[in-house]
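J.: quick one: sequence plus predicted model below, questions after.
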There are 2 protein chains.
Amino acid sequence: MTYCLGMLLDAGMVLIADTRTNAGVDNFSCYKKLHCLADSPDRQVFAASSGSLSVSQSVIALLEEGLPPEDKEDTPRSLYAVTSMFRAAQLVGEAVQIINLKVGAALEAIHISSAVSLLLGGRIGEEPPRLFLIYAAGNFIECQPDSPFLQIGETKYGRPILDRSIDMDTPLPDAVKVAFLSFDSAMRSNLGVARPLDMVVMPRDRSLPLLTRRIEPDDEYFNEMSLSWAHMLHQATRTIPDPPFMEGYGGDNEERDRGAA
Amino acid sequence: MTYCLGMLLDAGMVLIADTRTNAGVDNFSCYKKLHCLADSPDRQVFAASSGSLSVSQSVIALLEEGLPPEDKEDTPRSLYAVTSMFRAAQLVGEAVQIINLKVGAALEAIHISSAVSLLLGGRIGEEPPRLFLIYAAGNFIECQPDSPFLQIGETKYGRPILDRSIDMDTPLPDAVKVAFLSFDSAMRSNLGVARPLDMVVMPRDRSLPLLTRRIEPDDEYFNEMSLSWAHMLHQATRTIPDPPFMEGYGGDNEERDRGAA
């Protein structure tokens, strides 16, 4: 498995992917899932992928080499030529369909899923940052303010903290913090998600630089955050009163109360 | 979907199930999933079920009526006659297999899953409380101290809080609190899990009474706990320092620091 998370906020876009792949439980590897698909003065486009590694690598490679031209005279169709992020999402969806046509049936025949999904984020020209989720069939949805984040892969462990903490007006540093906590939850509960994490932060304010970074397994900030979070969760659990119907069933609060009496 | 959680701790056993069932997204209902299968001076046995409602109801009904006797002279085999929780788990596993034989193939033929799983908890005779997870094929595992909880159904949303907070020595009131927080996470992130919740608490100390209770959608304690938890999570997120590499990207801490300067 893998876990990728994209957020599209007033302050900008955040895209983070882990690097864990596995075939069964006895074949774990580290592969980069966050790819820069276009980087030029007028566009920065990134994709994070989840699902069959062979299929997603082929999709990325096809996008880098360019899709077959629409007529013989043309050059291959590339993310450097599309005029909007919507057109970029269409091109990525088409690449998914092309690779599926080539290997999907062969994989199905041996009962291996060829499904991939991608988070596609970036900006082209004067557009603000936009974020899309491209499904296995090549169809896609765009991130909207009512649900300002999209997830693919092993999504459920890390979802409650997002549902509780992420709004359109969350500042970028807080968004990255909450994203890290979301990954921390997924990594603690599932071996299929692991550091290093690759991240890109694209502020809506163009005077701020694009930030790309890899969070290694020994990243000091991440480790301290994880420890503090565990400590604060424990404190929070202690702070909440015991259920009133559990009086007489033991517990810390009772001991504390007896100590105070 | 549904979500059921069992914990087996030094202080006793906790078993909680939600009541949400759905066939697709347009057919939601409320069904009790936590069943008392035996209650007499020498035994209390409870089961929580997840998966196909028709199959799990038939499994429960078969257990209540008794399984076919092993020879013609005998009476039906019942949970009131088994001599240990291990034998009880075997009988429940056999009931799952019998019902699967009757309807499994017919359901598979119309591409509907007949899979069910159950949490079986209780005590028989002088045994301490024991807890089992019975799988769709009728095989089962028993809860052990290294992993003092078992989940079935929509398990992932509510798992991180358990992984971080539940140990063998967690007192019963704290365990119930953490269990409620686990359900709260699952219910916020997934429509397939909902109150009322049904719960049973079986203290290892036999001088304490067995506690059974239904937590309704308007339960005041649960609602206040959920609000406090959301507030404390928000505070905890604020307390964790911003990532050092995000300096200059805005955020509450920066505003706060500027305000203080």
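T.: Right, received. Where do you want to start?
J.: chain center to the lengthiest helix in chain A: distance?
T.: As assigned by DSSP state H, the longest helix anywhere in chain A is helix A:85-109. Centroid separation between helix A:85-109 and its chain, computed with CA atoms, centre = their mean, to the nearest Å, is 20 Å.
J.: that helix packs against which elements?
T.: Under the contact criterion of 3 or more CB pairs under 8 Å, 6 or more residues apart in numbering or on different chains; DSSP states H and E, helix A:85-109 touches strand A:43-51, helix A:53-65, strand A:116-124, strand A:130-134, strand A:140-142. All C-beta spots, glycine's among them, are computed from the backbone N, C-alpha and C.
J.: export the ones you listed to a markdown table and append columns for mean neighbour count and distance to chain B.
T.: Output for those, formatted as a markdown table (neighbours: other CB atoms under 10 Å in any protein chain shown; distance: least, CB to the nearest CB, whole Å):
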| stretch | mean neighbour count | distance to chain B |
| --- | --- | --- |
| strand A:43-51 | 25 | 15 |
| helix A:53-65 | 19 | 22 |
| strand A:116-124 | 25 | 17 |
| strand A:130-134 | 23 | 17 |
| strand A:140-142 | 15 | 17 |
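J.: adding mean pLDDT, write the ones you listed out as CSV.
T.: Listed next are those as CSV, based on pLDDT from 0 to 100:
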stretch, mean pLDDT
strand A:43-51, 97
helix A:53-65, 95
strand A:116-124, 98
strand A:130-134, 98
strand A:140-142, 97
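J.: CSV for those, including distance to residue B:206?
T.: Conversion of the helices and strands packed on helix A:85-109 to CSV gives the following (distance: least, CB to CB, whole Å):
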stretch, distance to residue B:206
strand A:43-51, 50
helix A:53-65, 54
strand A:116-124, 52
strand A:130-134, 54
strand A:140-142, 56
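J.: residue A:237 is nearest to which of these?
T.: For the helices and strands packed on helix A:85-109, proximity to residue A:237 was assessed by CB to CB; strand A:43-51 is nearest, at 32.1 Å.
J.: what packs against that closest one?
T.: Partner elements for strand A:43-51 (3+ CB pairs under 8 Å, 6+ apart): strand A:3-9, strand A:12-17, strand A:34-40, helix A:53-65, helix A:85-109, strand A:116-124, strand A:149-153, strand A:197-203.
J.: got those as JSON lines, with distance to residue A:166 columns?
T.: Converted to JSON lines, the helices and strands packed on strand A:43-51 look like this (distance: least, CB to CB, whole Å):
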{"stretch": "strand A:3-9", "distance to residue A:166": "6"}
{"stretch": "strand A:12-17", "distance to residue A:166": "10"}
{"stretch": "strand A:34-40", "distance to residue A:166": "19"}
{"stretch": "helix A:53-65", "distance to residue A:166": "26"}
{"stretch": "helix A:85-109", "distance to residue A:166": "21"}
{"stretch": "strand A:116-124", "distance to residue A:166": "15"}
{"stretch": "strand A:149-153", "distance to residue A:166": "6"}
{"stretch": "strand A:197-203", "distance to residue A:166": "14"}
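J.: OK, contacts around residue A:135?
T.: A:117, A:141 (CB atoms under 8 Å, 6 or more residues apart in numbering or on different chains).
J.: retrieve the pLDDT associated with it.
T.: pLDDT for residue A:135: 97.
J.: ok, stretch A:177-188 near chain B or not?
T.: Yes - residues of stretch A:177-188 contacting chain B under CB under 8 Å from any CB of the partner chain: A:177-178, A:180-181, A:185-186, A:188.
J.: write the ChimeraX selection for whichever of the residues you listed are buried.
T.: Paste this into ChimeraX to select the buried members of these, with burial taken from 16 or more other CB atoms under 10 Å in any protein chain shown:
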select /A:177,178,180,181,185,186,188
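J.: can you lay out the residues of stretch A:177-188 next to chain B as CSV showing secondary structure, pLDDT and distance to residue A:240?
T.: CSV is the format used below for the residues of stretch A:177-188 next to chain B (DSSP: H, G, I helix; E, B strand; the rest coil; pLDDT from 0 to 100; distance: CB to CB, whole Å):
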residue, secondary structure, pLDDT, distance to residue A:240
A:177, helix, 96, 23
A:178, helix, 96, 21
A:180, helix, 97, 24
A:181, helix, 96, 19
A:185, helix, 94, 19
A:186, helix, 95, 24
A:188, helix, 89, 21
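J.: what does the model give residue A:252 for pLDDT?
T.: pLDDT recorded at residue A:252 is 56.
J.: likewise residue A:160?
T.: Note on residue A:160: pLDDT of 93.
J.: could you list the low-pLDDT ranges of chain A?
T.: Filtered on pLDDT under 70, chain A yields the residue ranges A:252-261.
J.: mind doing that once more with 90?
T.: Residues of chain A meeting the criterion pLDDT under 90: A:1, A:21-29, A:70-75, A:104-105, A:108, A:188-192, A:230, A:233-238, A:250-261.
J.: quick one: contacts for residue A:97?
T.: By CB under 8 Å, 6+ apart, the neighbours of residue A:97 are A:137-138.
J.: how near is the residue lying closest to residue A:249 once chain neighbours are set aside to residue B:101?
T.: Spatially, and ignoring its direct neighbours in sequence, residue A:249 is nearest to residue B:172 (4.5 Å; CB to CB, 6 or more residues apart in numbering or on different chains). To residue B:101, residue B:172 is 39 Å away according to CB to CB, to the nearest Å.
J.: with neighbour numbers in mind, choose between these two.
T.: residue B:172 (28 against 9; other CB atoms under 10 Å in any protein chain shown).
J.: in this structure the more buried one contacts residue A:251, no?
T.: Yes - using CB atoms under 8 Å as the test, residue B:172 is close enough to residue A:251 to be in contact (6.4 Å).
J.: circling back: the helices and strands packed on helix A:85-109: which one's closest to residue B:165?
T.: Per CB to CB, nearest to residue B:165 of those: strand A:43-51, 28.7 Å.
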